[in-house]
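>>> pasting the sequence and the predicted model now:
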Amino acid sequence: MPRILVICDETKELSWLWEAPSLQSCVIETVGEEADVLQLLRRRDFDIVVTSIAAPRKSDFAHLSEILRIRPGLRLILLAPETTSNDLIAALRAHVFACFSAPYNTGDIIAMTPYAALHRLLFPRPRPRFQSRTPAACPRL
């Protein structure tokens, strides 16, 4: 049974997660944005984290990277009401599993959540980052 952590101050904002039939078998836990999420993740394991960032800042993406450092196999689903292309690139660099911009299509997010749990089950550890080789390190043909 997948364990989902929802990081959001306004639980009404994400109430549709609890109402989704496909997520009825999931254990969903909610914490406020001010709660010490990192401490919670050190104590307990979750499969998916759904978080909402009101106005993405560089420090928010650093926080997401820290979450993934603590729990490398975790799948992060980011809901960002106001995003730019630079925000999306920063989210990808932070290894976010999925990023949604407002207006949210709740059906897409609900469909993505079990897929993220399945992905974690099939691929428990993230793939190593691509490292470019310098010409000196490449074998000659």
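Yep, that arrived.

>>> max-length helix in the chain?
helix 106-122 (DSSP state H).

>>> what residues does that helix touch?
2, 4, 16-17, 20, 22-23, 26, 47-48, 50, 73-75, 77, 79, 97-98, 100 (CB atoms under 8 Å, 6 or more residues apart in numbering). Yep, even glycine has a C-beta here, placed from its N, CA and C like the rest.

>>> now list the buried members of the residues you listed.
2, 4, 17, 20, 23, 26, 47-48, 50, 74-75, 77, 79, 97-98, 100 (16 or more other CB atoms under 10 Å).

>>> okay, who's weakest in the residues you listed by pLDDT?
Minimum pLDDT for the buried ones among the contacts of helix 106-122 is recorded at L17 (77).

>>> beta partners for the residue nearest to the spatial centre of the chain?
For the chain, L76 is the residue whose C-alpha lies nearest the centre (CA atoms, centre = their mean; 1.0 Å). Taking DSSP bridges as the rule, L76 bridges to V49.
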